[in-house]
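Asks: Based on what follows, work out the 3D shape:
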Amino acid sequence: MVTRSVDIPSSRITPFRDLDEKIVKLGRAGKTDEALSLYHSIDRPTIRLMNSAIDACSRARPARLQQALEIFQAGVEQHGLVPNVFTFGVLMNVCNRDRNANQALELLKQMKVRLCHG
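Replies: Numbering: from 1, shown residues only. Down below sits the predicted model:
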């Protein structure tokens, strides 16, 4: 039997992929507290992990807008994460589920500044 090793480019390896999958799975199962506890146990989260934690907030019933905004703010200010289009998408989803149009409009303004640079 012949076996071959396969080299996976390092750009395709996500060191926290398992954690991300767990956070997503817990959020989708309605286990928001467990998902957020796992997220907060990580010393240096990635943007993907932050997005997954925010998504878990959007899936909670009722939606946890304030927690999502706190995760976003801490990710940007304390961990130096740069929000992307997915970040703003999940934030908009939390606003929608919380029925908070004013916060959604504020996030749209931030998105324009951060992603379009003006």
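Asks: Residue 95: helix or strand, and which one exactly?
Replies: helix 85-98 (DSSP states H and E).
Asks: Report the next helix or strand after the helix or strand harbouring residue 37 in sequence order.
Replies: With elements taken from DSSP H and E, the one containing residue 37 is helix 32-40. Where DSSP H and E defines the elements, the next helix or strand beyond helix 32-40 is helix 47-59.
Asks: neighbouring contacts of the very next helix or strand once past that following helix?
Replies: Read in the C-terminal direction, the helix or strand following helix 47-59 is helix 65-77, with elements assigned using DSSP H and E. In this structure, residues lying in contact with helix 65-77 by C-beta atoms under 8 Å, 6 or more residues apart in numbering are 36, 39, 45, 47, 50, 53-54, 57-58, 81-83, 87, 90-91, 94-95, 98, 100, 103. (Glycine included, C-beta is placed from N, CA and C.)
Asks: Buried residues, the helix holding residue 37. List them.
Replies: Under the neighbour-count criterion of 16 or more other C-beta atoms under 10 Å, helix 32-40 has 32, 34, 35, 36, 38, 39 buried.
Asks: could you give the angle of it to helix 47-59?
Replies: Taking axes from the mean of the first three to the mean of the last three C-alpha atoms, to 10 degrees, one finds that helix 32-40 is oriented at 160 degrees with respect to helix 47-59.
Asks: now helix 32-40: how far from the chain's centre is it?
Replies: Distance of helix 32-40 from the chain centroid (C-alpha atoms, centre = their mean, to the nearest Å) equals 12 Å.
Asks: and what of stretch 90-104?
Replies: 15 Å.
Asks: And stretch 38-47, by the same measure?
Replies: The offset between the C-alpha centroid of stretch 38-47 and the centroid of the whole chain comes to 10 Å, using C-alpha atoms, centre = their mean.
Asks: now swap in stretch 28-48 and tell me
Replies: Averaging C-alpha positions (C-alpha atoms, centre = their mean) puts stretch 28-48 9 Å from its chain's average.
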